[in-house]
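Engineer: Below are the sequence and a predicted model for it; my questions follow.
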Amino acid sequence: MGSSAVFTTLLLCALTARCSADGVFWHVTDFHYDFTYLNGAESGKICDSQTAGQPTPNDPGNWGDYLCDAPWRLINNSVYAMKAIEPNPDFIIWTGDDTPHIYNDKMNTDVVLAIIGNLTDLLRSVFPNTQVYPVLGNHDYHPKHQMPPTPNTVYNATWNMWDVPNWLSSDVMNTFVNGAYYTMQISPGLRLVGLNTVYYYTNDKVTAPTDGNTDPAGQFAWLEGVLQQAKTDNEKVFLIGHVPPGFFERYQGKSWFYPEYNRRYLQIIAGYADVIKGQFFAHQHCDSFKLFYDDEGKAVNSMLLAPAVTPWSTTLAGVGANNPGIRLVNYDKNTGDLTDVSQYYSNLALSNMQGSPLWGREYSLRETFNLPDASPASLQDLLDSFSNRSSDNFEKYYLYNSVSHDQSSCDGSCKVAQLCAIREVDYDKYQDCINAATSGAKTAQVSTLLSFEIFFPFVVAAFGLAA
């Protein structure tokens, strides 16, 4: 390259502040701030979000407890950890669930909005010049889960909080105040779509599908229109939302969407898989992913599920708690392709012992699992390796699934639930996956017994054993 060309390149870099296509953004979710932790909980508890049926610990930590939602000091520390690790991300996605897991009679709309406001102020003060794309979760409404597909106090109030520089732009006001969803351009050629998937959640009785109610707030039709326009304009799209489709990998058979809405969502993803470059969801508090396939069985899209900041142990039997997590995603600014995921976490038990959290990188998708990138094809290779006996990838994945809290092994029905939830987002195909694995296990068991019955008479004869 000649000197004039080098000078031109440097000048362009200086003018655009982009000498590389490498981009990075934070994904943070499920803060679940419990304002009662160690101060204000009902008698006999350390927090009002304390996991039902679990005894109160004798020595709860200052930074939180696995039986409770996050105290403010943990939330505050997690956002400052983001700033220390990567102070200049291209943007931040914040995927909801801000209030604690406590009963509705201890909450009201004013408390919900106060918590959303506190978290908004925290993110804005720590990252004053960073674009933030937020969406609401099922705990960001009162009564919880019952989010209506019509304008309301919460939508209007959060719009007023988020209609600020580097957050939501005024041109998305209409869809947000009417349904809490929106779309904005991240950069030329790359668009973000913020969805309100609480509408599709089986706990939202307000939006249960009926003959006259198959598209709450018209979001499905709107989404198809946005994706079609993006395709026409040669744009790529990131989808963000709170409640994911499909099944919970840590609890066999647990789904989140009403079946009708799950089918509709899958149809849209299938129709625009070439436009959608990433789906980023939350809600489960665990670290996992889902794959979406074409008619030939090729993985053509994926969903990355980010773990929570709250360490709260769910009431679902056997699921357990997690360590607090924050996520950094690498992507190509020119194409929207995902290139890596770096998960950061703090061991809550150690934080309480040492008096302060230490945040470290738990894993890099590329480095830890030896993948070239975070594309659907690479995630398919990772999923395939989970069934390879010579690979320890599944053991590593399962540890990270709880953000390095659950140190137990996962085999048998536990592993079946994990693999089927990743592979099959469709309800019928998921059940087929579970049935096939169960049938296979029974076949193997019968085969082992038959082999033993055939071999046993020879053992008796050889050693002279008599009945």
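Structural biologist: Sure, I can see it. This one's a predicted model, so the numbers in the text were calculated from it and none came from an experiment. Numbers count the residues shown, from 1 in each chain.
Engineer: Please tell me I have it right and residue 150 contacts residue 178.
Structural biologist: Yes: counting by CB atoms under 8 Å, residue 178 is a contact partner of residue 150 at 7.3 Å. C-beta coordinates here come from the backbone N, C-alpha and C atoms, glycine included.
Engineer: what about the two, which has more around it?
Structural biologist: Between residue 150 and residue 178, counted using other CB atoms under 10 Å, residue 178 has the larger neighbour count: 16 against 11.
Engineer: and residue 133, backbone torsions?
Structural biologist: phi -110, psi 100 (degrees, to the nearest 10).
Engineer: The nearest residue to residue 360 once chain neighbours are set aside: which element?
Structural biologist: Leaving aside its sequence neighbours, residue 360 sits nearest to residue 344 (CB to CB, 6 or more residues apart in numbering; 6.7 Å). If you go by DSSP states H and E, residue 344 is part of strand 338-345.
Engineer: what sits up against that strand?
Structural biologist: 22, 81, 85, 277-278, 287, 304, 307, 323-332, 359-366, 373-375, 400, 403-404 (CB atoms under 8 Å, 6 or more residues apart in numbering).
Engineer: Mind doing that once more with 6 Å?
Structural biologist: Residues from elsewhere that reach strand 338-345 (CB atoms under 6 Å, 6 or more residues apart in numbering): 278, 323, 325-331, 359, 361-366, 373-374, 403.
Engineer: Would you list the buried entries among these?
Structural biologist: 278, 323, 325-331, 359, 362-366, 373-374, 403 (16 or more other CB atoms under 10 Å).
Engineer: Can you pull the domain assignment for the chain?
Structural biologist: Following automatic domain parsing, one gets these domains for the chain: 21-417, 426-467.
Engineer: which non-adjacent residue is nearest residue 374?
Structural biologist: Using CB to CB, 6+ apart, the closest residue to residue 374 is residue 338 (3.9 Å).
Engineer: Can you report how many residues neighbour the one you found?
Structural biologist: So residue 338, with other CB under 10 Å, has 23 neighbours.
Engineer: hang on, the earlier thing: out of the domains of the chain, name the one with the poorest average pLDDT.
Structural biologist: Looking over the domains of the chain, mean pLDDT reaches its minimum on domain 426-467, with a mean of 59.
Engineer: what's the most buried one of the domains of the chain?
Structural biologist: Ranked by mean neighbour count under mean count of other CB atoms under 10 Å, the domains of the chain are led by domain 21-417, which reaches a mean of 19.
Engineer: which residues does residue 383 contact?
Structural biologist: Contacts of residue 383 by CB under 6 Å, 6+ apart are residue 422.
Engineer: Okay, and it sits in which element?
Structural biologist: helix 376-385.
Engineer: How far does that helix sit from its chain's centre?
Structural biologist: 18 Å (CA atoms, centre = their mean, to the nearest Å).
Engineer: CA atoms of it as PDB?
Structural biologist: Extracted as PDB, the C-alpha positions of helix 376-385 are listed here (Å, rounded to 0.1, in the frame of the first residue of the first chain):
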ATOM      1  CA  PRO A 376     -26.000 -20.800  14.200                       C
ATOM      2  CA  ALA A 377     -23.600 -23.300  12.400                       C
ATOM      3  CA  SER A 378     -21.100 -23.000  15.200                       C
ATOM      4  CA  LEU A 379     -23.700 -23.400  17.900                       C
ATOM      5  CA  GLN A 380     -25.000 -26.500  16.000                       C
ATOM      6  CA  ASP A 381     -21.400 -27.900  16.200                       C
ATOM      7  CA  LEU A 382     -21.400 -27.200  19.900                       C
ATOM      8  CA  LEU A 383     -24.700 -29.000  20.400                       C
ATOM      9  CA  ASP A 384     -23.500 -32.000  18.400                       C
ATOM     10  CA  SER A 385     -20.400 -32.200  20.700                       C
END
